[in-house]
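Asks: Attaching a predicted model along with its sequence, questions to come.
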Amino acid sequence: MADRLRLEVVTPTRLVVAETVDEVVVPGSDGYFGVLPGHAAFLTTLGTGEVIYRIDRDEFYLAVSGGFAEVRNDKVIVLADAAERPEEIDRGRAARAKERAERRIFGGSSEEAIDYARATAALDRALARHQTVSRNR
Amino acid sequence: MATLRDIRRRIRSVESTQKITRAMKLVAAAKLRRAQERILAARPYAGKMAELLGNLVSSADADEAPHPLLIQRAGPRRQIVIITADRGLAGAFNSNIVRRALDFIRQSSAPDVTLVVVGKKGRDFFRRRGWPIKRAMIGFWDGLAYTHATELGNYLMQQYLDGEVDEVHLIYNEFRSVAVQRPRREQLLPIPRAETGEGSTTPVDYIYEPAPDAILGDLLPRHVRTQIFRALMESLAGEYGARMTAMEAATKNAKDMIEVLTIQYNKARQEKITKELLDIVGGAEALTQGAEA
């Protein structure tokens, strides 16, 4: 058994991360789960949130949404609809998306019938991005 | 016989055409490189997806009811998604697809065929002939993104799940190499059994969260969208490859033509000089003869 994990984060358009890491925390659709070396084979759908991975003492963050995560033989593969590093996130855009989603949900005076599920999903994504981008370093 | 000036004008006209074809070739080559890179970048995701799908289908099969996107129902209504380019000047790229689509429609026993057309060229062709086009997607090629595949995929799956069509097929140009694109037909829905790769690998004994069929319900639509995305990207790379090859040939033809015209021009010039010389010599001769007389 290896004492480290292989992490790969891929989206339909690119490979975002391929690294050897010590620990990974992944936002599953049923809640966050942590993976350490020696983890059992595990397959889950991905929620919206942050993938956190640690290499030695350094922690790294990714905002992800939608997809799957697989753990097998000390290999963690995250198939995400979208995955972004903090430096790739447009802070202003994330903030605007958050405001827009909040307005849709709480605004009350809806011009048209709002798709509640869509609006909350958008808010989740905006919050995840916001959180990731707010991390220092 | 064309006059000197006519020939010179033609040479100049062919030269300016050649300039355009050469520029188009260079642009296509640059875009092709980017498109190829994108295909490569999308491969890990698609590959992993197929692997997961195989695993899930075999372990979710245990309980009886298969997912609706997997159920084969023998119905007469076929939907064909035809992927062409927005622009021409790409050799036989678009006409090959159109021909393939017509062949397929003619062969198919299904009496009820509806079309979904991607790309302006295909849309124009089928609209001119009065085919029923359910939906057309045009003008997005330059900014092709996964969202386009999502949009198209969701539309097709909705139709399928609503029972409006019984089968969905995809016809697109497969990118074999820069010079070779092959029209290809694939069944998109219901998802063919072979694609789920049953029994090819020993299934991994996962802990599932949520249950396998719930994950499968999430995975199948994504699989469909990924298939569409791949087809779109192959078609885009193929379009650039075809245009590059076509423009390369055009540039070469222009070069040959300029050579022929230049020879013609030189000959005509020489003839003119010879004729002038003869005139002068003839004139001088006449003068000397006149003086002797």
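Replies: Yes, it's here. Numbering: from 1, shown residues only, chains lettered A, B, ... in the order given.
Asks: Quick check, the residue in the stretch 51-200 of chain B closest to chain A?
Replies: Nearest residue of the stretch 51-200 of chain B to chain A (Cβ to the nearest Cβ) works out as residue B:146 at 4.7 Å. (Glycine included, C-beta is placed from N, CA and C.)
Asks: Can you pull the residues of chain B lying near chain A?
Replies: Residues of chain B lying close to chain A (Cβ under 8 Å from any Cβ of the partner chain) are B:38, B:41-42, B:44-46, B:48-49, B:52, B:55-56, B:145-146, B:149, B:204-210, B:214-215, B:218-219, B:222, B:225-226, B:229.
Asks: number of nearby residues for the residue of the stretch 51-200 of chain B closest to chain A?
Replies: Residue B:146: 21 surrounding residues under other Cβ atoms under 10 Å in any protein chain shown.
Asks: Residue B:29 now?
Replies: By other Cβ under 10 Å, neighbour count at residue B:29 equals 16.
Asks: Show me the shaky parts of chain A.
Replies: Counting by pLDDT under 70, the ranges of chain A that qualify are A:1-2, A:108-114, A:136-137.
Asks: which of the residues of chain B next to chain A count as buried?
Replies: Using 16 or more other Cβ atoms under 10 Å in any protein chain shown as the burial test, these include B:38, B:41-42, B:44-46, B:48-49, B:52, B:55-56, B:146, B:149, B:206, B:208-209, B:215, B:218-219, B:222, B:225-226, B:229 as buried.
Asks: before we move on, what SS does the residue lying closest to the residue of the stretch 51-200 of chain B closest to chain A once chain neighbours are set aside have?
Replies: In space, not counting the residues next to it along the chain, residue B:146 is nearest to residue A:12; the distance is 4.7 Å by Cβ to Cβ, 6 or more residues apart in numbering or on different chains. With DSSP: H, G, I helix; E, B strand; the rest coil as the basis, residue A:12 sits in coil.
Asks: my guess is residue A:12 contacts residue B:144, does it?
Replies: No - counting by Cβ atoms under 8 Å, residue A:12 sits too far from residue B:144 to count as a contact (11.8 Å).
Asks: quick one, longest strand in chain A?
Replies: Longest strand in chain A by number of residues (criterion: DSSP state E): strand A:58-72.
Asks: Name the residues of that one that are buried.
Replies: A:60-72.
Asks: Could I get the contacting residues of the residue minimising distance to the centre of chain A?
Replies: Compute the mean C-alpha point of chain A, and by Cα atoms, centre = their mean the closest residue is residue A:64, 2.5 Å away. Taking Cβ atoms under 8 Å, 6 or more residues apart in numbering or on different chains as the contact definition, residue A:64 lies against A:9, A:27, A:46, A:48-51, A:78, A:80, A:82-84, A:128.
Asks: which residues make contact with the longest helix along chain A from outside it?
Replies: Criterion DSSP state H: the longest helix present in chain A is helix A:116-134. Applying Cβ under 8 Å, 6+ apart, the contact partners of helix A:116-134 are A:27, A:47-50, A:61-65, A:82, A:84, A:86, A:89, A:91, A:94-95, A:97-98, A:100-102, A:104-105.
Asks: Drop anything exposed from these.
Replies: Buried among these (16+ other Cβ under 10 Å): A:27, A:47-50, A:61-65, A:82, A:84, A:86, A:89, A:94, A:97-98, A:101, A:104.
Asks: Outline the domain layout of the chain.
Replies: Just so you know, I chose chain A. What automatic domain parsing lists as the domains of chain A is A:5-86, A:89-134.
Asks: that's the wrong chain, I meant chain B
Replies: If you go by automatic domain parsing, chain B breaks into B:4-25+B:249-288, B:30-246.
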